[in-house]
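Undergrad: Below are the sequence and a predicted model; questions follow.
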Amino acid sequence: MPKFLLKRWHGMHIVWIFALLTVLILILFMYSWTISVIALVLCGILGYYTLQAEQAFRKDLNEYVSTLSHRVKRAGSEVIHELPLGILLYNEDKIIEWHNPFVAKMLGKDSLIGESVNEMFPVLKTRKDKELKLEMTIDKQIYEVQVRPDERLLYFTDITALKSLQLRYEEEKLAVGIIMMDNLDEATQGLDDQTRSIMMAKVTGEITEWAQKHQMYLRRTASDRYFVMMDQKGLKALEQSRFEILDEVRDITIENKLPMTLSIGIASGTSSLTELGHWAQTSLDMALGRGGDQAAVKVGERLSFYGGRTNAIEKRTRVRARVISHALRDLIKDCDKVVIMGHRVPDMDAIGAAIGVLKMAHVSNKEGYIVLEGVNPSIQKLMETVYEDEKLNRWFITPDQAMQITNSRTLAVIVDTHRASMTPEPRLLQLTPRKVVVDHHRRSEDFIHDATLVYMEPYASSTCELVTELLQYFHERLTMGVLEATALLSGIVVDTRSFSLRTGARTFEAASFLRRSGADSSLIQRLLKEDLEHYIQKADVVKNAVVIFDHIALAVNEPGRKYSQLLIAQVADTLLTMTGIMASFVISERPDGLIGISARSLGEMNVQVVMERMGGGGHLTNAATQLEGTLAEATQRLKQILSEIHAEEGLFE
């Protein structure tokens, strides 16, 4: 305790004594005047002493406060100069008025006073008014800048160590993946044991070397499946290399009739191991659903695809078709009614497949309905023929009618698409838990995940081919009407361009079955006939075509002239028949105000990847999208994407 406080303590006691003596003196006056005078003198002396003590206390207190203030001021000054924190003051003209030594050391200068804040720290020029925290880098050091505009004050904090720790944490995040040889049986069928073993040793060695190169943990879990683990840094390296293992495995087995391909599913971006494993399997399913020979990488909400340069390999076994057919038969028997939907603006493949599924419902003695919203020119002649057929006409309903009859006991069958947003009535899928998807397109992220049964085969030429296979196993004595068989065969003819593209042995087997069931080829020719005006419109778009990247035909229609998506697609097909053209893109305004783009290729280029980057999708050789905006904007965006793909991996390999 300071000495002056001890004095204060003694002084307080004297005051109390003085007060007590005063009371005693008053009492003594009543008994003895002499003693009272003596006591009064003593009390005066005591009062004088008390006054002196109070003055000494106040003097000592002032000296102590003065000394303490000086010490605090000096300590504060030293702290400001020694803190690992930069402090800078500037005036209204953004001129530096004062700063502590940390700021000078940070910039490697003796003094910044008089300099412009914006010139010394250019990052502040781009600061938004509401942005009070910024990051900047000076000589490889990272600083966080806190801006106090009201006080015209800046704080600088060195966060280099924190950022390094964050970067290390992000790089060391776990990523898991599954590698699958997606056509092992087909690629090795017919090979003797020795040749098969040699080929498998080559593939396994290539995968093992690739894993070691990128510092991944690799574990074989089955004859055609591997499990891999890596960190986020390794995953970024894989994405930068665009998964070259896909091409390497295909190249070392290219001498086989069917080269072996890989499908890879990788997941990262969550701390839950259970969720990470689920994402990896989902990514692999996505890669397989898109035809295989590619990698699907899911990092948080981002889903990226790499590879996919080859057409899907046709499966030679039809066991899956038989199993799916029997499962679909059981689902139809267990429901009250069947509602069938294709995609909006249906084409011949969607209508033909829907009619095939309708036949399954009727064979099972169930009511079946096809949801149709509008008729586009591509199916106009077919629908006119259907409307003349009383047996078929009555089963076509509108989306509103479908909403009224659908309940939890209704089976919804979606054909020729697997995206709920592309159906004529997406809300209908929320009314029933019983959903079946039959499609031949490559799987996209917008997938109907809660479907009870999924039959997606990207190798198939069309959905009509898949439905025809299901019909063959659906009932032992199935008989089809001429119009039903013709509608299915028409879908196959249109999607294969009269059996010239995307055809396999099973395509011709399905067509043969339909011919035996009564399909009329002459009726197909009449349904697919084109009028002269339509042909002239196509020629009008074709004349605007130019060749880019040596082998790509790009046709951009004139502004103000609007054509249907069907005509745009037909022009793309026409351009693909030209000499030296390996891919074609056609851009035109549509009657609904959107910009339509159709893309076609002969297989050397994956046009699906191009259209996916523009918000669409489709097949490796057949894809499309619809955009808002202008022709010029759509054209510029397409050219930019083609340039990026050309720079990444080359348009044609």
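TA: Nice, I can see it. Numbering: from 1, shown residues only.
Undergrad: show me where pLDDT drops low in this protein?
TA: For the chain, the stretches flagged by pLDDT under 70 are 1-33, 35-36, 39-40, 46-47, 57, 61-82, 129-131, 257, 308-317, 649-653.
Undergrad: tell me the domain boundaries of it?
TA: Following automatic domain parsing, one gets these domains for the chain: 3-81, 86-163, 174-307, 319-527, 537-649.
Undergrad: okay, these in TSV with mean neighbour count next?
TA: Bear in mind the C-beta positions are built from the backbone N, C-alpha and C, glycine included. Listed next are the domains of the chain as TSV, based on neighbours: other C-beta atoms under 10 Å:
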stretch	mean neighbour count
domain 3-81	12
domain 86-163	14
domain 174-307	18
domain 319-527	20
domain 537-649	18
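Undergrad: Show me what the host helix or strand of Glu644 is packed against.
TA: In this assignment (DSSP states H and E), Glu644 forms part of helix 631-649. Helices and strands touching helix 631-649, by 3 or more C-beta pairs under 8 Å, 6 or more residues apart in numbering; DSSP states H and E, are strand 552-556, strand 583-589, strand 595-601, helix 607-613, strand 622-627.
Undergrad: Of all these, which one is nearest Asp450?
TA: Of all these, helix 607-613 sits nearest to Asp450, with 23.0 Å by C-beta to C-beta.
Undergrad: What lies in contact with the closest one?
TA: Judged by C-beta atoms under 8 Å, 6 or more residues apart in numbering, the contacts made with helix 607-613 from elsewhere in the structure are 290, 305, 308, 442, 444, 583, 585, 597, 599-601, 617-625, 638, 641-642, 645.
Undergrad: Strands of the stretch 351-500 of the chain, start to end?
TA: With DSSP state E, counting those that start in this stretch, the ranges of strands along the stretch 351-500 of the chain come out as 367-371, 396-397, 410-415, 434-439, 453-456.
Undergrad: got the ones you listed as a markdown table, with distance to Thr282 columns?
TA: As requested, the strands of the stretch 351-500 of the chain are arranged in a markdown table below (distance: least, C-beta to C-beta, whole Å):
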| stretch | distance to Thr282 |
| --- | --- |
| strand 367-371 | 29 |
| strand 396-397 | 35 |
| strand 410-415 | 20 |
| strand 434-439 | 16 |
| strand 453-456 | 13 |
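Undergrad: quick one: which of those strands is nearest Lys202?
TA: Lys202 lies closest, by C-beta to C-beta, to one member of the strands of the stretch 351-500 of the chain: strand 453-456, at 30.8 Å.
Undergrad: Sheet partners, orientation included, of the closest one?
TA: Based on DSSP bridges, the strands next to strand 453-456 in the sheet, each with its direction, are strand 434-439 (parallel).
Undergrad: what angle do the helix holding Glu644 and strand 595-601 make?
TA: Direction vectors for helix 631-649 and strand 595-601, defined by axes from the mean of the first three to the mean of the last three C-alpha atoms, to 10 degrees, enclose an angle of 30 degrees.
Undergrad: residues making contact with helix 631-649?
TA: With contact meaning C-beta under 8 Å, 6+ apart, helix 631-649 is reached by 242, 548-549, 552, 554, 556-557, 559, 585, 587-589, 595, 597, 609-610, 613-614, 627, 651.
Undergrad: Please apply the same query to stretch 120-134.
TA: 96, 107, 112, 117-118, 135-136, 144-148, 154.
Undergrad: my guess is Tyr369 contacts Trp395, does it?
TA: Yes - with contacts defined as C-beta atoms under 8 Å, Tyr369 counts as touching Trp395 at a distance of 5.5 Å.
Undergrad: Need the overlap of contacts for those two.
TA: Overlap between the contact sets of Tyr369 and Trp395, as judged by C-beta under 8 Å, 6+ apart, is given by Leu358.
Undergrad: Which of the helices and strands packed on helix 631-649 sits closest to Ser521?
TA: Distance to Ser521, taken as C-beta to C-beta, is lowest for strand 622-627 among the helices and strands packed on helix 631-649, at 23.4 Å.
Undergrad: hey, what's Ile266 bridged with?
TA: When bridges are called by DSSP bridges, Ile266 pairs up with Gly177, Val297.
Undergrad: That one contacts Ala280, correct?
TA: Yes - look at Ile266 against Ala280 with C-beta under 8 Å: they come within range, at 6.4 Å.
Undergrad: what's the spacing between Ser325 and Leu488?
TA: Per C-beta to C-beta, to the nearest Å, Ser325 is found 15 Å from Leu488.
Undergrad: picking that back up, intersection of neighbour lists for Ile266 and Ala280?
TA: Among the neighbours of Ile266, those also in contact with Ala280 (C-beta under 8 Å, 6+ apart) are Val176, Gly177, Ile178, Lys298.
Undergrad: quick one: which two of those residues are the most distant?
TA: Pairwise distances across the shared contacts of Ile266 and Ala280 peak at 11.9 Å for Ile178 and Lys298 (criterion: C-beta to C-beta).
Undergrad: Next up, the contacts around the residue most central in space within the chain.
TA: For the chain, the residue nearest the mean C-alpha position is Arg302 (3.1 Å; C-alpha atoms, centre = their mean). Arg302 is in contact with Gly269, counting by C-beta under 8 Å, 6+ apart.
Undergrad: Next, it: phi, psi?
TA: Taking degrees, to the nearest 10, you get phi -80, psi 130 for the backbone angles of Arg302.
Undergrad: Which residues does it form beta bridges with?
TA: When bridges are taken as DSSP bridges, the partners of Arg302 come out as Val299.
Undergrad: and it, how far is that from Ala647?
TA: Relative to Ala647, Arg302 is positioned 21 Å away (C-beta to C-beta).
Undergrad: what's the answer for Gly352, then?
TA: 41 Å.
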